[in-house]
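> what follows is a predicted protein model with its sequence.
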Protein chains: 4
Amino acid sequence: MEKALRSDARRNLEAILQAAAEAFAERGLEVGVADIARRAGVGTATIFRRFPTKEDLIAAVFMRRMEEVVEVAERCAELPGGIAAVREFFERATELQVRDRGFLENIDKGRFAGDPRLEALIERGYRAIERIVANAQAAGELRADVKPADVPVLLHSVCSGAALLSAGEPGMWRRYMELVIDGLRPGHAGLTCPAPTFDAIAGAR
Amino acid sequence: MEKALRSDARRNLEAILQAAAEAFAERGLEVGVADIARRAGVGTATIFRRFPTKEDLIAAVFMRRMEEVVEVAERCAELPGGIAAVREFFERATELQVRDRGFLENIDKGRFAGDPRLEALIERGYRAIERIVANAQAAGELRADVKPADVPVLLHSVCSGAALLSAGEPGMWRRYMELVIDGLRPGHAGLTCPAPTFDAIAGAR
Amino acid sequence: MEKALRSDARRNLEAILQAAAEAFAERGLEVGVADIARRAGVGTATIFRRFPTKEDLIAAVFMRRMEEVVEVAERCAELPGGIAAVREFFERATELQVRDRGFLENIDKGRFAGDPRLEALIERGYRAIERIVANAQAAGELRADVKPADVPVLLHSVCSGAALLSAGEPGMWRRYMELVIDGLRPGHAGLTCPAPTFDAIAGAR
Amino acid sequence: MEKALRSDARRNLEAILQAAAEAFAERGLEVGVADIARRAGVGTATIFRRFPTKEDLIAAVFMRRMEEVVEVAERCAELPGGIAAVREFFERATELQVRDRGFLENIDKGRFAGDPRLEALIERGYRAIERIVANAQAAGELRADVKPADVPVLLHSVCSGAALLSAGEPGMWRRYMELVIDGLRPGHAGLTCPAPTFDAIAGAR
DNA sequence: GATGAATGAGCGTTCATTCAT
DNA sequence: CATGAATGAACGCTCATTCAT
């Protein structure tokens, strides 16, 4: 159970998380803690009181964004099946990630394999993705040889590719999302490589 | 004109580039110069003699890899047209990049926009890609609304996505390459977002 | 407006400036920042918090000493005119500079021409020197062909010369000051070389 | 006895000394050995073959210039006595030193107390200065309370002061030399501080 | 003997983290 | 509890000096 925070403390915590989220998103994970503190209008020590290491702060920010992604997935899992739900998930999730340099770096670095809260959250996301995939495949609108674990991989693909252009062309991610989605439709030759499992994704790095 | 190097110097230079390439590939661009020197069996100053700054070393290593990629593209541009040449390019290029964290970081950071030698090299790559795309579209095996500038973006997409798995599953990139290639085949609905130009890729970051 | 410093910070700042002043005075400007930190009983980063570069620390120490010199000049400008005030200025100023290797090096290197606070301070010094010279010449005790800009040059002359002996013979500077002052008295043949302006002193170097 | 050098070696040695002399004069003693080697058109190792340490090279260059100064002194000691010979020495010696940053730095740092060849040379200079002073005092044109050891101190004074202006106003040293010489004429009040000995000059530092 | 490449100790500087107020 | 000052380990880089060719 989390202790109840005093109201000013809660406000500070929120300011820190928001400042960190902005800073990491804009400039990547190497922004200094002092920069974040300045943005949040607090002292550095206040940050370290809540987050014993910078890593912990990164994880918290990452977790928040990941929560949004998982919620998107869960909402999409409730949609009437079909490729439209897959596309909806890619759209919403890409929108959340493509401008967030820190988030993409976190994924690239493959961190946070050990955090149980994060793992539980991701587990929820996986379950939702499984339903999205199952629904679309049941509707015959998603090729059968695609597996749920492909989805986060392809999502990251779209975001990383589109991020190359996102500074100058903010909406360009949609183009690459569409191209990838088109590859997921039925009617293609079989894949020559067996599917990974979810477990392989954040694995040994 | 480059001066001929003494044999020991040439050996050391090669050792440095190889050590740096390995280190950057395995651990990313933040590896210390001292680590690289140790790996190469030389002193740190030996590195700085050849590469006045760490940035220069990074650029040299990046350039080497990029040369390989461009050569692959040029070779594929000579192949009999069709989607097979596109696939061949993606295969060979992904193979080169997917295990190289430093290379992917360089792309993500959009560096080296100002280096004229690199820009000339990339220009060559773009020309080759244009031919690959034109050939495949002439053969009716590549959807018409795909443009050459999409290729480097999609290549980076495949590599970034597959990199998530490459530690544990070294060959998995092929799966995602195939999925993306399938999205490039003709017969899909039109893309809702106009194509970027090459110039937009390494743009304002 | 300068923010008020916390008491511990103020103490450390003072310790740093004093340690730096001593170190530069004794051993010249090439003393390492780490040496100064050790002398001051602080970590190196504490120095860099207040002085972003070593150059800034040097400038601050230089400025402090220069302030003392300028205050001496202003005090001497208030004295009843005559050569005695000139001598008083040389005495007090030489006393301040002759044991300070760092200060003399700074003058020799002609640095800090660009710092506006320093230039304003030096301007004040020049104004005071002009008064000292005018008073002494009005009293007929200073030769008429000496100009104000000669004073800082001659002061540096005395200090540099006397510094050769100051280690073994701490009071010897007085001898050379007297010799130089004697050269400033009226009754000598005219100088063959026109006077410089203040502006020429910290000029192109 | 010096070994006879092969002619190319002698040429190299000369080139090194000249390059070093120029470099030290223009930019001070902190110029890198590599810079000097480049200027001389030799490799760095060639310099270190002749001069085991940079210090030794500095000493050799210093010695050469000092030889010129001593020769000037000896020539002036032969002139018909009077203040004119003193002035002639100051003129020639200042001309040699005022544009030579390295030389002045060497004097300021008080080095080379231990080199027997240098000490012998300086001894010769002292003897010559003693004669110059004695001649001028015998002629009644130099104040009696000035001692020979004052001369090198005052010479350095003139050079250090005038060096402040020498970049922009190359002939300005003459002005300060004249002012100092005027202070050496008879007819001034006695000095309050006893004269130093030659031994005190390069003493404890 | 001459070269220039290699060296490693040391520099100024940064930053996540701890401590005193 | 919040602050910002202090810390020291680590970084990129330089240079007098040594070594291999």
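Looks like it arrived, so ask away.

> just give me the neighbour total for A:Glu169.
A:Glu169 has 18 neighbouring residues, counting by other C-beta atoms under 10 Å in any protein chain shown. No exception for glycine: its C-beta is placed from N, CA and C like everyone else's.

> err, A:Glu123, not the other one
Applying other C-beta under 10 Å, we find 12 residues neighbouring A:Glu123.

> wait, A:Leu165 touches B:Val153, no?
Yes. Assessed by C-beta atoms under 8 Å, A:Leu165 is found in contact with B:Val153 at 6.8 Å.

> in chain A, where is pLDDT below threshold?
Within chain A, the set of residues satisfying pLDDT under 70 comprises A:1-6, A:112-113, A:202-205.

> now do the same contact list for the closest residue to chain C within it.
Per C-beta to the nearest C-beta, the residue of chain A with the smallest distance to chain C is A:Ala34, at 10.8 Å. When contacts are counted by C-beta atoms under 8 Å, 6 or more residues apart in numbering or on different chains, A:Ala34 touches A:Thr44.

> so stretch A:119-129, near chain B or not?
No. On the criterion C-beta under 8 Å from any C-beta of the partner chain, stretch A:119-129 is out of touch with chain B, staying 12.8 Å away.

> spatially central residue in chain A, please.
Centroid-nearest residue in chain A: A:Met66, 4.5 Å away (criterion: C-alpha atoms, centre = their mean).

> what's the distance between the residue of chain A closest to chain C and A:Arg50?
Using C-beta to C-beta, to the nearest Å, we find A:Ala34 at a distance of 16 Å from A:Arg50.

> same thing with A:Arg175?
Going from A:Arg175 to A:Arg50 by C-beta to C-beta gives 40 Å.

> circling back to that earlier point, list the residues that contact both of A:Leu165 and B:Val153?
B:196, B:201.

> how many other residues sit next to the closest residue to A:Gly41 other than its chain neighbours?
Closest residue to A:Gly41 apart from its sequence neighbours, by C-beta to C-beta, 6 or more residues apart in numbering or on different chains: A:Ala15 at 6.2 Å. A:Ala15 has 17 neighbouring residues, counting by other C-beta under 10 Å.

> can you check A:Phe103 too?
For A:Phe103, the number of neighbouring residues by other C-beta under 10 Å comes to 26.

> in this structure it contacts A:Met63, no?
No. Counting by C-beta under 8 Å, A:Phe103 stays clear of A:Met63, with 10.7 Å between them.

> if I pick A:Pro152, what's in contact with it?
Neighbour list for A:Pro152: A:125, A:129, A:198, A:201, B:164 [criterion: C-beta under 8 Å, 6+ apart].

> which parts of chain A are helices?
A:7-27, A:33-40, A:44-50, A:54-78, A:83-97, A:101-109, A:116-138, A:150-166, A:173-184 (DSSP state H).

> so the fifth one, near chain B or not?
Right, the one you point to is helix A:83-97. No. On the criterion C-beta under 8 Å from any C-beta, helix A:83-97 is out of touch with chain B, staying 11.1 Å away.

> so can I have JSON lines of the helices of chain A showing distance to B:Arg11?
Shown next, in JSON lines, are the helices of chain A (distance: least, C-beta to C-beta, whole Å):
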{"stretch": "helix A:7-27", "distance to B:Arg11": "40"}
{"stretch": "helix A:33-40", "distance to B:Arg11": "43"}
{"stretch": "helix A:44-50", "distance to B:Arg11": "47"}
{"stretch": "helix A:54-78", "distance to B:Arg11": "40"}
{"stretch": "helix A:83-97", "distance to B:Arg11": "45"}
{"stretch": "helix A:101-109", "distance to B:Arg11": "34"}
{"stretch": "helix A:116-138", "distance to B:Arg11": "47"}
{"stretch": "helix A:150-166", "distance to B:Arg11": "37"}
{"stretch": "helix A:173-184", "distance to B:Arg11": "44"}
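
> buried only: go through the contacts of A:Pro152 for me.
Neighbour-count burial (16 or more other C-beta atoms under 10 Å in any protein chain shown) applied to the contacts of A:Pro152 gives A:125, A:129, A:198, A:201, B:164.

> A:Arg175 and A:Arg50: which has the busier surroundings?
The neighbour comparison of A:Arg175 against A:Arg50 (other C-beta under 10 Å) goes to A:Arg175, with 25 against 16.

> excluding chain neighbours, what is closest to the more buried one?
Here the nearest residue to A:Arg175 in space, its sequence neighbours aside, is B:Cys193; by C-beta to C-beta, 6+ apart that works out to 3.9 Å.

> enumerate every residue touching that neighbour.
By C-beta under 8 Å, 6+ apart, the residues touching B:Cys193 are A:171-172, A:174-175, A:178.

> what's the answer for A:Glu26, then?
If you count contacts by C-beta under 8 Å, 6+ apart, A:Glu26 has them with A:Arg101.

> next, the contact list for A:Gly187, please.
A:Gly187 makes contact with A:Arg143, according to C-beta under 8 Å, 6+ apart.

> if I look at it, how far off is DNA strand F?
50 Å (C-beta to the nearest atom of the strand, to the nearest Å).

> do the same with A:Met66
A:Met66 sits 26 Å away from DNA strand F, going by C-beta to the nearest atom of the strand.

> just checking, that residue touches A:Gly125?
Yes. Between A:Met66 and A:Gly125 there is a contact at 7.5 Å, judged by C-beta under 8 Å.

> what about A:Asp8, how many residues nearby?
A:Asp8 sits with 8 neighbouring residues when counted by other C-beta under 10 Å.

> now do A:Asn135
A:Asn135 has 21 neighbouring residues, counting by other C-beta under 10 Å.

> now do the same contact list for the nearest residue to it once chain neighbours are set aside.
Nearest residue to A:Asn135 in three dimensions, chain neighbours excluded: A:Gly81, at 3.0 Å (C-beta to C-beta, 6+ apart). Going by C-beta under 8 Å, 6+ apart, A:Gly81 touches A:134-136, A:138-139, A:141.

> A:Leu79 and A:Arg87, how far apart?
For A:Leu79 relative to A:Arg87 (C-beta to C-beta), the value is 10 Å.

> sorry, that was for A:Leu118
When distance is defined by C-beta to C-beta, A:Leu118 is 26 Å away from A:Arg87.

> please apply the same query to A:Pro80.
Distance from A:Pro80 to A:Arg87, counting by C-beta to C-beta: 13 Å.

> what do these two both touch?
With the criterion set as C-beta under 8 Å, 6+ apart, the contacts of A:Pro80 and A:Arg87 do not overlap.

> tell me which of these two has more neighbours.
The neighbour comparison of A:Pro80 against A:Arg87 (other C-beta under 10 Å) goes to A:Arg87, with 18 against 8.

> look at the spatially closest residue to the more buried one that is not a sequence neighbour and say how many residues are nearby.
Excluding its sequence neighbours, the residue lying closest to A:Arg87 (C-beta to C-beta, 6+ apart) is A:Ile181, at 5.3 Å. When neighbours are defined as other C-beta under 10 Å, A:Ile181 has 20 of them.

> what does the one 5 residues further on give?
Per other C-beta under 10 Å, the neighbour tally for A:Pro186 reads 14.

> ok, it - contacts?
A:Pro186 touches A:140-144, counting by C-beta under 8 Å, 6+ apart.

> and A:Thr192, by the same measure?
B:174-175, B:178.

> from B:Phe198, how far out is A:Glu123?
Taking C-beta to C-beta, one finds A:Glu123 at 41 Å from B:Phe198.

> same deal with A:Val42?
To B:Phe198, A:Val42 is 44 Å away according to C-beta to C-beta.
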